[in-house]
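>>> pasting a predicted model and its sequence here:
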Amino acid sequence: FNTSKVITMQNLFNNCSNLTTIYASSSWTTTGITTSESLFTNCTKLVGGNGTVYSAEKISLEYAKVDLADVPGYFTSK
């Protein structure tokens with residue numbers, strides 16, 4: 001995804017219950033996002049590249065990044 005001009009990600013992956021992996025390149029950014037409610041709601045099989053597993057309490061924009069050892073996220077580096 002090239003997200004440099006995106007302002008809303010509300011429900012982007014909402015109810016993607018079979019989604020297991022999201023790959024992101026260096027062009028992924030969330031700096032312009034103003035709306036992101038329910039971004040990962042019910043993505044119960046989602047796992048980040050470093051092993052961060054989905055949690056119903058962690059569905060916000062904060063987890064829309066590559067999963068690193070010291071910074072959890074739901075994406076896998078591409």
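It's in. Residues are numbered from 1 along each chain as shown.
>>> any idea which residue is closest to the centre of the chain?
Nearest to the mean C-alpha position of the chain, counting by C-alpha atoms, centre = their mean, stands Ala64 at 3.0 Å.
>>> that residue reaches Lys58, doesn't it?
No. Using C-beta atoms under 8 Å, Ala64 makes no contact with Lys58, being 10.7 Å away. Heads up, the C-betas are built off the backbone N, CA and C, glycines and all.
>>> what touches both of those two?
Phe40 (C-beta atoms under 8 Å, 6 or more residues apart in numbering).
>>> pull out the buried residues from stretch 67-75.
With burial defined by 16 or more other C-beta atoms under 10 Å, the residues of stretch 67-75 counted as buried are Asp67, Pro72, Gly73, Tyr74, Phe75.
>>> where's the closest residue to Leu12 other than its chain neighbours relative to Ala69, distance?
Leaving aside its sequence neighbours, Leu12 sits nearest to Leu39 (C-beta to C-beta, 6 or more residues apart in numbering; 5.6 Å). Distance, Leu39 to Ala69, using C-beta to C-beta, to the nearest Å: 23 Å.
>>> quick check: Lys45 touching Asn15?
No. Assessed by C-beta under 8 Å, Lys45 is found out of contact with Asn15, at 12.0 Å.
>>> which ones are touching the residue of the chain most remote from its centre?
Largest separation from the mean C-alpha position in the chain: Lys5, at 16.9 Å (C-alpha atoms, centre = their mean). Listed by C-beta under 8 Å, 6+ apart, the contact partners of Lys5 are Gly32.
>>> rerun that using 10 Å as the cut-off
Thr29, Gly32 (C-beta atoms under 10 Å, 6 or more residues apart in numbering).
>>> so it, which state does it fall into?
coil (DSSP: H, G, I helix; E, B strand; the rest coil).
>>> pLDDT wise, what is it at?
Here the pLDDT value assigned to Lys5 is 90.
>>> ok, now the one 10 residues further on?
The predicted local confidence for Asn15 comes out at a pLDDT of 97.
>>> quick one: the nearest residue to it once chain neighbours are set aside from Cys16, how far?
Closest residue in space to Asn15, ignoring its immediate chain neighbours: Asn42 at 4.7 Å, by C-beta to C-beta, 6+ apart. Between Asn42 and Cys16 the distance is 7 Å, computed by C-beta to C-beta.
>>> alright, calling it a day.
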